[in-house]
Each structure stands twice: as C-alpha cells, then as structure tokens.
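Q: Provide a 3D model corresponding to the input given below.
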Amino acid sequence: MSCPAHTRYIAVPQDGPYLGGYWTGSGVSGDPSAAAKIAVSGDMTLSLVLPVATHITGQILNPSGLPISQPMVLAMANGPS
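A: This next block holds a predicted model:
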C-alpha cells in the first residue's frame with residue numbers, strides 16, 4: 001500500500017530545560033514563519049538538537065522581605081502590550 005506524499009512542518013514543544021520551536025531545516029526557531037516544509041512520502045528519520053532554554057530564577061518578595069507564594073512572572077521580548 002502506498003501513501004500520497006504530504007508536506008509537513010515539525011513543531012517541538014518545550015520540554016524541561018530545552019527550548020521548543022519549529023524545525024527550520026538547520027535548527028530550531030521560535031518563529032513559525034521560519035519553519036521548513038518537509039516532504040513526507042513514507043517513513044523517515046529526522047534528528048535535531050534542541051537548544052537549552054534561557055531561564056530566569058529568583059524570588060519575588062513582599063514589602064516585609066518574605067517570598068510571595070506562587071507568583072506569576074512573564075518575560076516578554078517586545079515589552080507589554
């Protein structure tokens with residue numbers, strides 16, 4: 001049985017310390033428009049290396065200097081919108 005060829009994009013979710021994103025043909029990018037089209041006509045093997053994501057660590061303290069429980073922190077590349 002043969003299957004028709006399809007064009008696919010590869011998206012990798014962030015997993016632990018590794019940065020997810022879209023396969024570009026030579027690496028991984030967070031930009032969906034950089035995703036490479038991959039022609040798939042049967043079984044194939046694709047190997048890629050996920051870069052380690054940048055992480056921000058620390059504490060958020062209240063005015064008394066005590067840690068706030070479960071704060072939500074957003075890191076935005078382009079500032080607030």
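Q: going by C-alpha atoms from here, please, whenever you check contacts or count neighbours.
A: Noted.
Q: quick one, what contacts the most centrally placed residue in the chain?
A: In the chain, the residue lying closest to the centroid (C-alpha atoms, centre = their mean) is Gly20, at 2.1 Å. The neighbourhood of Gly20, defined by C-alpha atoms under 8 Å, 6 or more residues apart in numbering, consists of 11-14, 28-30, 50.
Q: next up, phi/psi of the residue lying closest to it once chain neighbours are set aside, please.
A: Leaving aside its chain neighbours, Gly20 sits nearest to Gln14 (3.9 Å; criterion: C-alpha to C-alpha, 6 or more residues apart in numbering). In terms of degrees, to the nearest 10, the main-chain angles of Gln14 are phi -60, psi 140.
Q: now Ala11
A: phi -120, psi 130.
Q: low pLDDT regions in the chain?
A: By pLDDT under 70, the low-scoring segments of the chain are 1-5, 79-81.
Q: all strands of it, in order?
A: 6-8, 11-12, 21-23, 28-29, 38-40 (DSSP state E).
Q: who does the third one pair up with?
A: Next to strand 21-23 in the sheet, as set by DSSP bridges, lie strand 11-12 (antiparallel), strand 28-29 (antiparallel).
Q: do you know which of those lies nearest Met44?
A: Across those, the minimum distance to Met44, taken as C-alpha to C-alpha, is reached by strand 11-12, at 15.9 Å.
Q: run through who's touching that closest one.
A: Residues outside strand 11-12 that contact it (C-alpha under 8 Å, 6+ apart): 20-23.
Q: thank you, goodbye.
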